[in-house]
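Enquirer: This is a predicted model, with the sequence first.
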Amino acid sequence: MNKIDIRNFNLYYDYGDFHALKNVNLLIEEHQVTALIGPSGCGKSTLLRSLNRMNDLIDGVKVKGEVTIDTQNIYENHTDLIRLRKKVGMVFQRPNPFPLSIFDNIAYGPRLHGIKKKNRLQAVVEHALTRVHLWEDLKDRLKRYALNLSLEQQQRLCIARLLAVTPDVVLMDEPCSTLDPVSTAKVEELIYELKKHYTIVIVTHNMQQAARVSDRTGFMLLGELIEYGETADIFTKPSDRRTEDYITGRFG
Amino acid sequence: MERHFDEELKELKERLLRMASLAEESIVKAVKALVDRDKELAEDVIGSDDAINFLEIEVDELCLKLLAIRQPIATDLRFITSALKIITDLERIGDLSVNIAERALDLMEQPLLKPLIDIPRMAQLAQKMVKDSLDAFVNRDPELAREVCRRDDEVDQLNHQIFRELLTYMIQDPKAITRSVDLILVGRHLERIADHATNIGEDVVYLVKGKTIKHHIDEKGGKN
């Protein structure tokens, strides 16, 4: 089942001066983890941000082509961007909880979307924190300041925050780069569980992480999607020489 | 970009080739001992098998170490897993040569049953198959590897021929039975050596192409 259909997608920075994404064609499957790998500057984060139009926030960005999520081309003029970013959430490299309590962090989105009743908000918060395995640890400390949590817990909190607004797709831009190996392993276990309910696209610098965590992997280079396939195939018998050279460390 | 890992892979390859060279040599010496009825040479083959066995252990440990430390993928991974398989085949080839040498020792205690023609021919084919499969490995040549696999049929045919001929000897003269059985066993050992060379050929194809041709799966339309 295709969740996201990226078709002949091109993106330019600086009012057309820099061609950052060159004719990308990619089908992302529902309830799977898709990893995007490639050397710095290859366009993987740009592509990721294109999936919820975060690039719109940058001056001088031009886009050609289509990104269809379910049956909707998100680049059509009348697209509701707020609904889009609710449906397609994003987790960043550095955990960025709001300077609020744990509870208010999670409740922020739902409140914005119209949920006011206290017991409904409490249910949403409990559900979101349970999904990221933080409920047991934090249920008696919901009033505590979120920034006092450990980095790994903050990252899980950020994931919970976006799960609270019931997205379909979760985008992750190097979500474990700032975490130590044990914390990374915990977040990876979480990703493994989350894919049962969501479609996940993850950008990572860590080859082994892409191999562990994803079902399909796409290799990008200089704005192009060079190769895309089953993760096991990409890592055992890549078809393209450039993919092979990158993943084995012969360049990059 | 040169990787330190490439140095380690080079070392692995050299050990593997050393092992292959010893295995090939053992086939030649074993059959020569049989044909020339040379006791010393037969004993030399038996004594030299340890060197092959120790190399198997060494290469095995090196492969494990590289897997753990380097977490290789793609071609590097296929190279190391192929090396692990190839050393098993080479070690068995060494053992089979020892078996041939042991038969030779028994046979040379008795009068010659018949001039040996098919067995040396079989040995030549088998030895060339081993040599070529390792050349295919060194040169990453899947065509040569496949061609080695195809030669197995000829070796099998010679083995059948040897069996049928010795059967007639045994039927005509019960005193010929022990020697005939020994020679039939030698044929069998050579046939097995050729099979191991075929295995190595299949491993080379997998290494280069990432596709396996084992068990004729590519012809049977299996998943690939």
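Expert: Good, I have the coordinates.

Enquirer: can we go C-alpha only for contacts and neighbour counts from here?
Expert: Fine.

Enquirer: got the residues of the stretch 151-252 of chain A near chain B?
Expert: When proximity is defined as CA under 8 Å from any CA of the partner chain, the stretch 151-252 of chain A approaches chain B at A:I234, A:F235, A:T236, A:K237, A:P238, A:E244, A:I247, A:T248, A:G249, A:R250, A:F251.

Enquirer: Mind listing residues that contact stretch A:40-58?
Expert: With contacts defined as CA atoms under 8 Å, 6 or more residues apart in numbering or on different chains, stretch A:40-58 is touched by A:20-21, A:36-38, A:61, A:67, A:74, A:81, A:84-85, A:88-89, A:171, A:173, A:201-203, A:220-224.

Enquirer: Including pLDDT and distance to B:H160, could the residues of the stretch 151-252 of chain A next to chain B go into a markdown table?
Expert: Below are those laid out as a markdown table (pLDDT from 0 to 100; distance: CA to CA, whole Å):
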| residue | pLDDT | distance to B:H160 |
| --- | --- | --- |
| A:I234 | 95 | 45 |
| A:F235 | 94 | 44 |
| A:T236 | 91 | 40 |
| A:K237 | 92 | 40 |
| A:P238 | 95 | 43 |
| A:E244 | 95 | 46 |
| A:I247 | 94 | 49 |
| A:T248 | 92 | 47 |
| A:G249 | 90 | 51 |
| A:R250 | 88 | 50 |
| A:F251 | 81 | 53 |
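
Enquirer: Now tabulate those in CSV and tack on secondary structure and neighbour count.
Expert: Formatted as CSV, those follow (DSSP: H, G, I helix; E, B strand; the rest coil; neighbours: other CA atoms under 10 Å in any protein chain shown):
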residue, secondary structure, neighbour count
A:I234, helix, 23
A:F235, helix, 23
A:T236, helix, 17
A:K237, coil, 22
A:P238, coil, 23
A:E244, helix, 22
A:I247, helix, 23
A:T248, coil, 21
A:G249, coil, 15
A:R250, coil, 13
A:F251, coil, 14
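
Enquirer: Make TSV out of those residues and add distance to A:Q93.
Expert: Formatted as TSV, those follow (distance: CA to CA, whole Å):
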residue	distance to A:Q93
A:I234	25
A:F235	24
A:T236	28
A:K237	30
A:P238	28
A:E244	26
A:I247	22
A:T248	24
A:G249	23
A:R250	26
A:F251	24
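
Enquirer: ok, the residues you listed vs chain B, which is closest?
Expert: Nearest to chain B, judged by CA to the nearest CA, of these is A:T236 at 4.0 Å.

Enquirer: Next, count neighbours for the residue in the stretch 51-200 of chain A that chain B sits nearest to.
Expert: Nearest to chain B in the stretch 51-200 of chain A, going by CA to the nearest CA, is A:P181, at a distance of 16.2 Å. By the criterion of other CA atoms under 10 Å in any protein chain shown, A:P181 has 11 neighbours.

Enquirer: What of A:L112?
Expert: Neighbour tally, A:L112, other CA under 10 Å: 10.

Enquirer: ok, of the contacts of stretch A:40-58, which come out buried?
Expert: A:20-21, A:36-38, A:61, A:67, A:74, A:84-85, A:88-89, A:171, A:173, A:201-203, A:220-224 (16 or more other CA atoms under 10 Å in any protein chain shown).

Enquirer: from those, which ones fall inside helices?
Expert: Secondary structure defined by DSSP state H assigns A:L84, A:R85 of those to helices.

Enquirer: Low-confidence regions, the chain specifically.
Expert: If you meant another chain, say so; for now it's chain A. The model of chain A has pLDDT under 70 over residues A:252.

Enquirer: That was the other one, I meant chain B.
Expert: For chain B, counting by pLDDT under 70, the residues that fall below are B:221-224.

Enquirer: Show me what from it comes close to chain A.
Expert: By CA under 8 Å from any CA, the residues of chain B that approach chain A are B:M1, B:E2, B:R3, B:P72, B:I73, B:A74, B:T75, B:D76, B:L77, B:R78, B:G210.

Enquirer: Produce a PyMOL select command limited to the buried residues of these.
Expert: Restricted to buried positions by 16+ other CA under 10 Å, the PyMOL selection for those reads:
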select buried, chain B and resi 72+73+74+75+76+77+78+210
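
Enquirer: Return the member of the residues of chain B next to chain A nearest to chain A.
Expert: Comparing the residues of chain B next to chain A against chain A with CA to the nearest CA picks out B:A74 as the nearest, at 4.0 Å.

Enquirer: pretty sure that closest one is in contact with A:T248, am I right?
Expert: Yes: at 7.3 Å, B:A74 counts as touching A:T248 under the criterion of CA atoms under 8 Å.

Enquirer: mind listing the helices for the chain?
Expert: If you meant another chain, say so; for now it's chain A. In chain A, the helices defined using DSSP H lie at A:44-50, A:81-87, A:102-112, A:118-131, A:135-138, A:151-163, A:181-194, A:207-213, A:231-236, A:241-247.

Enquirer: Wait, chain B was what I had in mind.
Expert: Taking DSSP H as the criterion, chain B carries its helices at B:4-36, B:39-70, B:74-107, B:118-139, B:142-172, B:177-209, B:217-220.

Enquirer: Take these and lay them out in a markdown table including distance to A:L142.
Expert: Listed next are those as a markdown table, based on distance: least, CA to CA, whole Å:
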| stretch | distance to A:L142 |
| --- | --- |
| helix B:4-36 | 50 |
| helix B:39-70 | 43 |
| helix B:74-107 | 47 |
| helix B:118-139 | 63 |
| helix B:142-172 | 63 |
| helix B:177-209 | 55 |
| helix B:217-220 | 59 |
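
Enquirer: Report how many residues lie close to the nearest residue to B:A197 once chain neighbours are set aside.
Expert: Spatial nearest neighbour of B:A197, excluding adjacent residues (CA to CA, 6 or more residues apart in numbering or on different chains): B:V130 at 4.9 Å. By other CA under 10 Å, the residues close to B:V130 number 28.

Enquirer: swap in B:Q172?
Expert: B:Q172: 11 neighbours (other CA under 10 Å).

Enquirer: Could you tell me how far it is located from B:Q110?
Expert: 18 Å (CA to CA, to the nearest Å).

Enquirer: same thing with B:L34?
Expert: For B:L34, the distance to B:Q110 - CA to CA - is 12 Å.

Enquirer: Among those two, which residue is more densely surrounded?
Expert: It is B:L34, of B:L34 and B:Q110, that has more neighbours when counted by other CA under 10 Å, with 26 against 10.

Enquirer: contacting residues for the more buried one?
Expert: For B:L34, the contacting residues are B:A42, B:I100, B:A101, B:R103, B:A104, B:L105, B:L107, B:M108, by CA under 8 Å, 6+ apart.

Enquirer: hmm, 7 Å instead?
Expert: Contacts for B:L34 (CA atoms under 7 Å, 6 or more residues apart in numbering or on different chains) come out as B:A101, B:A104.

Enquirer: I'm done for today, thanks for sticking with me.
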